[in-house]
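Participant: requesting a structural model of the entry that follows:
(one chain, ligands or ions: 1)
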Amino acid sequence: MMTFDIQRAGQIDRASLFHPFTSVADLMRDGPLIMAEGKGVRLKDIEGRSYLDGMAGLWCVNLGYGREDISGAIAAQSTKLSFFHTFNGLSTDVAIECAHALLKRAPVPMARVFFGASGSDANETQLKLIWYYNNLRGLPKKKKVIARWNSYHGSGVATASLTGLPGMHALFDLPQGPILHISNPHHYRKAPEGVSERQFSRQLAAELEALIAREGAETIAAFFAEPVMGAGGLIPPPEGYFEEIVPILRKHDILLVLDEVVSGFGRLGTYWGSQRFGLEPDLITAAKGVTSGYFPMSVCFVSPKVWDVIEAGSEKAGLFGHGYTYSAHPVAAAAALATLKAIDQEGVVENVAQLGPYFHAAMREAVGDHPLVGEIRGLGFMMGIELVRDRAAKTPFAPELRVGRKLLKDLVGRGLISRALGDTMVFAPPLVATKADLDEIISLFKAGLDAVAQEVS
Ligand code: PMP
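Facilitator: Numbers count the residues shown, from 1 in each chain. Predicted coordinates for the structure are as follows:
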């Protein structure tokens, strides 16, 4: 495949590839890590070194690399019908089958699915659907959308605005649009001293009530939430959080949009995060795990409540003027069907339900008392380990020390792929990881942590 000298690949990368979410300065200094192959939970770089992928790519390769059931379905569909679209009432057999299979698996009864190619474009669709819905209902003022600080909902102009990460706003002239940000629900970092998780959830609910009162419920359309916040620091909700929040949304006719781009298809030990927290969302966004990362696809699930308004208003509204060339791409649909089948047949969700608690308990056992570990948090196969300078005072390291990045690089040297969100180290292994794989993650992590502790102390 490679038409150039492997020795020069890093050089050519630096000279030609504009990397997403990468410091250009770091890349120029350190060069890229270049992967070439994957099988199961393991990767191999171009020089033949092997790695355990503790991040399932970007929390997407849920079923592991190199599966011939999925790659075979992709190859067969590419040969049979490589492309056709779903504009203007056209369709394909495989898109229909995929829509049907997804609706059957929805956590609550859903009316329709709308397809896209990324989590970002799906959340853009959700935002437009929310506005469309309230226009059809004759509520043109009800348009503001609430999201949490530290949330991640995408990289488009609207979805990066919705995202609660200041680093994605400052130099891009964002946020733009009718977006309101509300507190990040991270108990360890944000709750006042001595306040229990329950009490903190009540405080967050009171903040939401106050925001709605200040803005006027007649101006607020929707609330976006990831069941467990991912890219913004791996933050699970405090106890009782959704129980406190959801009734307020219902009371004020505010839609609940659950961003299940990471949590969908088993990551939390239930098929959906909605089920983990007993939620009945009006809209659900899914992506990543729907094809196990083998082909780009995203899905917006639309509840009967929203769909009925769209259908009833359709004569008057005319054409639904939204969609992407690759909405319901037949090859993506074939990849999704193969993925959904494997999830069912191989007990993938059950594997996470069983091993998730073990993973967390074993990590706590191994490094819970480590002087650098402030908090271990998460659910299922989603884990964050926050590194601190002083455990008792929860003092973070100075950002310029880049302790998270140091550990990340150390772990790469040991053959383990993780991710550093600031100084929070993240693991989200493939959902097919075995107990032995998890044990290997933990022992490599512990060794790396000890080495970095020596270096920084
Ligand atoms: N929502 C969530 C919760 C995500 O984690 C991500 C991506 N990590 C997105 C949306 C955006 O997905 P994409 O990168 O496919 O656009």
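Participant: for the spatially closest residue to D439 that is not a sequence neighbour, which residues are in contact?
Facilitator: Excluding the flanking residues, the one nearest D439 by Cβ to Cβ, 6 or more residues apart in numbering is A362, at 6.9 Å. Every C-beta, even on glycine, is put in place using the N, C-alpha and C of the backbone. The contact partners of A362, taken as Cβ atoms under 8 Å, 6 or more residues apart in numbering, are 438-439, 442.
Participant: count the neighbours of E197 for me.
Facilitator: By other Cβ atoms under 10 Å, the residues close to E197 number 17.
Participant: quick one: it from the ligand, how far?
Facilitator: 22 Å (Cβ to the nearest ligand atom, to the nearest Å).
Participant: just the pLDDT for that residue.
Facilitator: Predicted confidence (pLDDT) for E197: 98.
Participant: for it, grab phi and psi.
Facilitator: The phi/psi pair for E197 (degrees, to the nearest 10) reads phi -60, psi -40.
Participant: picking up where we left off before, between the contacts of A362, which is nearest the ligand?
Facilitator: L438 (21.9 Å; Cβ to the nearest ligand atom).
Participant: about what we covered before: buried ones only from the contacts of A362, please, as a ChimeraX command.
Facilitator: To isolate the buried ones among the contacts of A362 in ChimeraX, judged by 16 or more other Cβ atoms under 10 Å, type:
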select :438,442
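Participant: among the contacts of A362, which are in helices?
Facilitator: Among the contacts of A362, the residues falling in helices (DSSP state H) are 438-439, 442.
Participant: would you mind listing what in this protein touches the ligand?
Facilitator: 58, 118-120, 123, 152-155, 226, 230-231, 259, 261-262, 287 (Cβ under 6 Å from any ligand atom).
Participant: below-threshold pLDDT in the stretch 201-350 of the chain: ranges please.
Facilitator: Applying pLDDT under 70 to the stretch 201-350 of the chain picks out no residues at all.
Participant: count of neighbours near the residue in it that the ligand sits nearest to?
Facilitator: Nearest residue of the stretch 201-350 of the chain to the ligand: V261, at 3.6 Å (Cβ to the nearest ligand atom). Using other Cβ under 10 Å, V261 has 28 neighbouring residues.
Participant: residues in contact with it?
Facilitator: 119, 122, 226, 230, 285-288, 298.
Participant: next: C300.
Facilitator: 113-116, 122, 125-126, 129, 283-285.
Participant: how about A158?
Facilitator: By Cβ under 8 Å, 6+ apart, the neighbours of A158 are 123-124, 127, 176-177.
Participant: residue of the protein nearest the ligand, please.
Facilitator: For the chain, Cβ to the nearest ligand atom, closest residue to the ligand: G119, 2.2 Å.
Participant: does that residue touch V299 like I think?
Facilitator: No - with contact defined as Cβ atoms under 8 Å, G119 does not count as touching V299 (9.8 Å).
Participant: phi first, then psi, for the residue lying closest to L387 once chain neighbours are set aside.
Facilitator: Leaving aside its chain neighbours, L387 sits nearest to D423 (4.4 Å; criterion: Cβ to Cβ, 6+ apart). As for D423, its main-chain torsions (degrees, to the nearest 10) stand at phi -100, psi 20.
Participant: go on, L421?
Facilitator: phi -100, psi 90.
Participant: so what's it bridging to?
Facilitator: Beta-bridge pairing for L421 (DSSP bridges): T424.
Participant: ok, it touching A231?
Facilitator: Yes - the criterion here is Cβ under 8 Å, and L421 meets it with A231 at 6.6 Å.
Participant: and the closest residue to G266 other than its chain neighbours, what element?
Facilitator: Distance criterion Cβ to Cβ, 6+ apart; nearest residue to G266, sequence neighbours excluded, is V349 at 4.0 Å. Element membership for V349 (DSSP states H and E) is helix 348-367.
Participant: who touches the helix or strand just after that helix?
Facilitator: Once helix 348-367 ends, the next helix or strand along the chain (criterion: DSSP H and E) is strand 373-379. Contacts with strand 373-379, where a contact means Cβ under 8 Å, 6+ apart, come from 188, 228, 234-236, 268-269, 276, 356, 360, 363-364, 367-368, 383-388, 391, 394, 396, 449.
Participant: ranges for the strands of the stretch 101-250 of the chain?
Facilitator: Taking DSSP state E, counting those that start in this stretch to define them, one finds strands in the stretch 101-250 of the chain at 112-116, 144-148, 179-182, 220-225.
Participant: okay, those in JSON lines with mean neighbour count next?
Facilitator: Putting these into JSON lines (neighbours: other Cβ atoms under 10 Å) gives the following:
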{"stretch": "strand 112-116", "mean neighbour count": "22"}
{"stretch": "strand 144-148", "mean neighbour count": "24"}
{"stretch": "strand 179-182", "mean neighbour count": "18"}
{"stretch": "strand 220-225", "mean neighbour count": "24"}
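Participant: make JSON lines from these and add distance to Y133 to it.
Facilitator: Shown next, in JSON lines, are the strands of the stretch 101-250 of the chain (distance: least, Cβ to Cβ, whole Å):
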{"stretch": "strand 112-116", "distance to Y133": "13"}
{"stretch": "strand 144-148", "distance to Y133": "12"}
{"stretch": "strand 179-182", "distance to Y133": "17"}
{"stretch": "strand 220-225", "distance to Y133": "8"}
